[in-house]
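Chemist: Provide a 3D model corresponding to the input given below.
(2 chains)
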Amino acid sequence: MKKTVFLGALTVAGLAAGAAAAGTIDDVKARGKLNCGVTTGLVGFAAPDANGEWSGFDVAVCRAVAAAVLGDATAVEFVPTTGKTRFTALASGEIDMLARNTTWTFSRDVDLKFTFVGVNYYDGQGFMVPKELGVSSAKELDGSTVCIQTGTTTELNLADFFRANNISYEPVPIETNAEAQQQYLAGACDVYTTDASGLAATRATFEAPADHILLPEIVSKEPLGPLVRHGDDEWGDVVRWTLNALITAEELGVTSANIGEMSAAAGNNPEINRLLGTEGNLGEMLGLSADWAKNAIAASGNYGEVFEKNIGEATPIGLARGLNAQWTEGGLIYSPPFR
Amino acid sequence: MTTVSDPPKEGFRLSQLIYDTRYRSMTIQIVALIGFLTLIFWLINNTATNLAELGKEPSFRFLSEPAGYDINQRLLDYQSQDTHLRAALIGLLNTLLVAVMGCITATIIGVIVGVLRLSKNWLVSRLMAVYVEMFRNVPVLLWIVFVMAVLIETLPAPRAFRGDNATASMMLNDSVAVTNRGVYVPEPLFSRGLGDIHLLGDSSLRFDVSLDLIAILIVLGLGFFVSHKIKQRADHVQETTGDRPTTWYLRLGVVSLPFIVLLYALGFHLGYPELKGFNFRGGTHMRNSLIALWLALSLYTAAFIAEIVRAGILAISHGQTEAAAALGLRQNRIMNLVVLPQALRVIIPPLISNYLNLTKNSSLAIAVGYMDITGTLGGITLNQTGRELETLLLLMLCYLIISLSISAVMNWYNESVKLRER
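Modeler: Got it, this is the predicted structure:
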């Protein structure tokens, strides 16, 4: 009799454990730490430095979200993920958000049940070849051996590109960027293909970057952005508007240098006031403190500062703003208004 | 107070289930079974609930959708527009290819090393011991990556073969090219080939069977059959007259002559690899990934097989060797005719589990970019469709079937060499 009661209780407890799940934002606050999925190491986007401190363009998004939610830009646990493990990590709740140059596609959004909260880098797939091959266009790559990172959209784009141009190639699937680099440099493949920004970042780490060129063809649209799980819209809003706050800050001229002064008292630009919490209650609506955006921007600067510091033209990676300039400068970076 | 001899006054009471030794073990088993089934039910139910909450009901429809990715090594034809099911099939064949190649090589190396380790030659036996200890005690993943790195870094890239001052050249009269992308060897071609039969139409499981290959197999099979008949006849003559007729030229002739005639009729010639554009074209391309995986798996498993063979040989009593020597048999004959056949009985059961290990270890293929079934179905397909549960279940089923088949075949073989006690 007692055994039956015990078994029954066990079953009920088990079923209950399967069902309950609190909102991500409460989880993060309770934990005091944000679990953020990043790459296993791509210089400029997310890589640990000599002291083990993560830095980079994607890392800055994680830090901004941590600063907005917890008021502390260092309260982030960086979880390195590969192209293969990233979605499982996010879907299983191991990480709260993924900022890992991940392309926003229909099937990932709809079928894999993720919410892309915006785009922080407009990219496209490119090709890198050694200069000595004398190739000037991707259409001349008939019969070449191409290194690709497996588990990414790039291998689908690659198959489509070569099929559309009716040329043959030999794919060499590779698990991580570091292995791809080794094979490419040893000449085990003629071409390395991935997002153009990733190619630039990889090339910057070569001993002789000038011996390698990026071909002019960009064969795909790769809008990269942070993403969260479907079904937790409050958390999605937090990440989305943190990203938008960084973008709006650049548009309105709010930088990490002048933010202290600007947020001290309400100025005469109402949108800056609303953004920085000196007017209105946008923070409260998000379930955050009034100075959430101030903290997010102060963490590593506005969008433009983050870009210039990590991947801009002054860095070894040397990417031009291009499509990623503000809409006012002819680019695609555009945030909805803070109102 | 009752005594033991008292007959029970009443029939079955519930408490007997626990206190009566006649029923207790059954009670415990039933409770344990219920507990186990509840756990299983809870696991399945929990998974189903969580998946339903995420809006991802288990479905295998993705298998019939286009895969969209290319696979470099394929034993059957495959394009990126084929289905995920076909991609999985290509991966499965690649797994089987490396497993079969690996098992054969590992057995050959293992037996040789195992026998040599017992050699009386100090240097040889020590060298073999070093080999066994080195391979057995380092994880196989490291060996795979190491072999691949050695192949990539030490061999010349195809561009080194180009130009007037090429730093590398082809081997064996310009027929074999060894590059850091793999080894290109001449391929057999038939200018008057019989064509292929296409089986299973246009479905995902379609495959082509080469009629040339079938013709060759039939002719060779017939040749060996006739050769066997000649041997039987020679045995018969030897038994009746005591003289064995010389038959080796007859036996060689019936196997090789029809074969050569057939090859000529089919227009057999070799296709040589040639440097064209970025790569060598033509010939058969054995990719580095396959070579690295095959070598590493074979050498690693061979170290274990060597120990099994050594144990098997040592298990045969020394009296057998001495008795054979007393009969006047030579060293190698003693090994081949007396010791090894008996040692096989000890060797085969652990050998089976090493074959299984090798097959399962082949799932490390992705480390060198070899597209086995873990790379296609459990790698790219999983990633592009996001169906973790379904792909992993399919993957486990595939490995289970492969492993059970290997076990079945090897058990059957074990049965046939087992000691018959009469």
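Chemist: who in the stretch 151-300 of chain A is up against chain B?
Modeler: A:151-152, A:155-156, A:158-160, A:162-163, A:169-175, A:182-183, A:186-190, A:230-231 (Cβ under 8 Å from any Cβ of the partner chain). The way it works is simple: take the backbone N, C-alpha and C, and place the C-beta from them, glycine included.
Chemist: mind jotting down where the helices sit in the chain?
Modeler: Chain wasn't specified; assuming chain A. A:2-19, A:24-31, A:57-70, A:86-91, A:106-110, A:153-164, A:177-185, A:196-204, A:233-252, A:259-264, A:270-276, A:282-286, A:292-300, A:303-310 (DSSP state H).
Chemist: that's the wrong chain, I meant chain B
Modeler: B:16-19, B:21-54, B:84-117, B:122-136, B:140-154, B:211-241, B:248-265, B:288-314, B:318-326, B:331-333, B:340-361, B:373-375, B:382-385, B:388-417.
Chemist: could you dump stretch B:295-310 to CSV, C-alpha only?
Modeler: Provided in CSV are the C-alpha atoms of stretch B:295-310 (Å, rounded to 0.1, in the frame of the first residue of the first chain):
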residue,chain,number,x,y,z
LEU,B,295,44.8,4.1,-41.0
ALA,B,296,44.2,5.4,-37.5
LEU,B,297,41.3,3.0,-36.9
SER,B,298,43.2,0.0,-38.2
LEU,B,299,46.4,0.7,-36.3
TYR,B,300,44.5,1.5,-33.1
THR,B,301,42.3,-1.6,-33.3
ALA,B,302,45.2,-3.8,-34.5
ALA,B,303,47.0,-3.1,-31.2
PHE,B,304,44.1,-4.6,-29.3
ILE,B,305,43.8,-7.5,-31.8
ALA,B,306,47.6,-8.2,-31.4
GLU,B,307,47.1,-8.7,-27.7
ILE,B,308,44.1,-11.0,-28.3
VAL,B,309,46.1,-13.1,-30.8
ARG,B,310,49.0,-13.3,-28.3
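Chemist: quick one: that stretch near chain A?
Modeler: No. Stretch B:295-310 is not in contact with chain A by Cβ under 8 Å from any Cβ; minimum separation 16.0 Å.
Chemist: need the contact partners of that stretch.
Modeler: The contact list for stretch B:295-310 (Cβ atoms under 8 Å, 6 or more residues apart in numbering or on different chains) reads B:98, B:101-103, B:105-107, B:109-111, B:113-115, B:117-118, B:128, B:131-136, B:140, B:143-144, B:146-147, B:343, B:347, B:350-351, B:354, B:357-358, B:361-362.
Chemist: what's the local residue count around residue B:111?
Modeler: For residue B:111, the number of neighbouring residues by other Cβ atoms under 10 Å in any protein chain shown comes to 21.
Chemist: next one: it from chain A, what distance?
Modeler: The spacing between residue B:111 and chain A, counted by Cβ to the nearest Cβ, to the nearest Å, is 34 Å.
Chemist: tally up the residues packed near the residue nearest to that residue when sequence neighbours are not counted, please.
Modeler: Distance criterion Cβ to Cβ, 6 or more residues apart in numbering or on different chains; nearest residue to residue B:111, sequence neighbours excluded, is residue B:309 at 5.4 Å. Residues within reach of residue B:309, counting by other Cβ under 10 Å, total 28.
Chemist: with mean pLDDT as new columns, can the helices of chain B be given to me in CSV?
Modeler: Listed next are the helices of chain B as CSV, based on pLDDT from 0 to 100:
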stretch, mean pLDDT
helix B:16-19, 82
helix B:21-54, 89
helix B:84-117, 93
helix B:122-136, 94
helix B:140-154, 92
helix B:211-241, 91
helix B:248-265, 88
helix B:288-314, 94
helix B:318-326, 92
helix B:331-333, 87
helix B:340-361, 90
helix B:373-375, 91
helix B:382-385, 84
helix B:388-417, 90
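Chemist: follow-up on the earlier one: so can I have TSV of the helices of chain A showing distance to residue B:374?
Modeler: Formatted as TSV, the helices of chain A follow (distance: least, Cβ to Cβ, whole Å):
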stretch	distance to residue B:374
helix A:2-19	29
helix A:24-31	32
helix A:57-70	28
helix A:86-91	15
helix A:106-110	22
helix A:153-164	16
helix A:177-185	17
helix A:196-204	25
helix A:233-252	33
helix A:259-264	50
helix A:270-276	49
helix A:282-286	43
helix A:292-300	39
helix A:303-310	35
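Chemist: my guess is residue A:214 contacts residue A:200. True?
Modeler: Yes. Residue A:214 lies in contact with residue A:200 (Cβ atoms under 8 Å); the separation is 7.0 Å.
Chemist: of those two, which one has the most company?
Modeler: Legend: neighbour count by other Cβ under 10 Å for residue A:214 and residue A:200, higher for residue A:200 (22 against 15).
Chemist: quick one, what contacts that one?
Modeler: Contacts of residue A:200 (Cβ under 8 Å, 6+ apart): A:44, A:214, A:311, A:317, A:318, A:319.
Chemist: same question, residue A:90
Modeler: Residue A:90 touches A:37, A:97, A:98, A:114, A:227, A:228, A:229, counting by Cβ under 8 Å, 6+ apart.
Chemist: which of these sits closest to chain B?
Modeler: When these are ranked by distance to chain B (Cβ to the nearest Cβ), residue A:229 comes first, at 8.0 Å.
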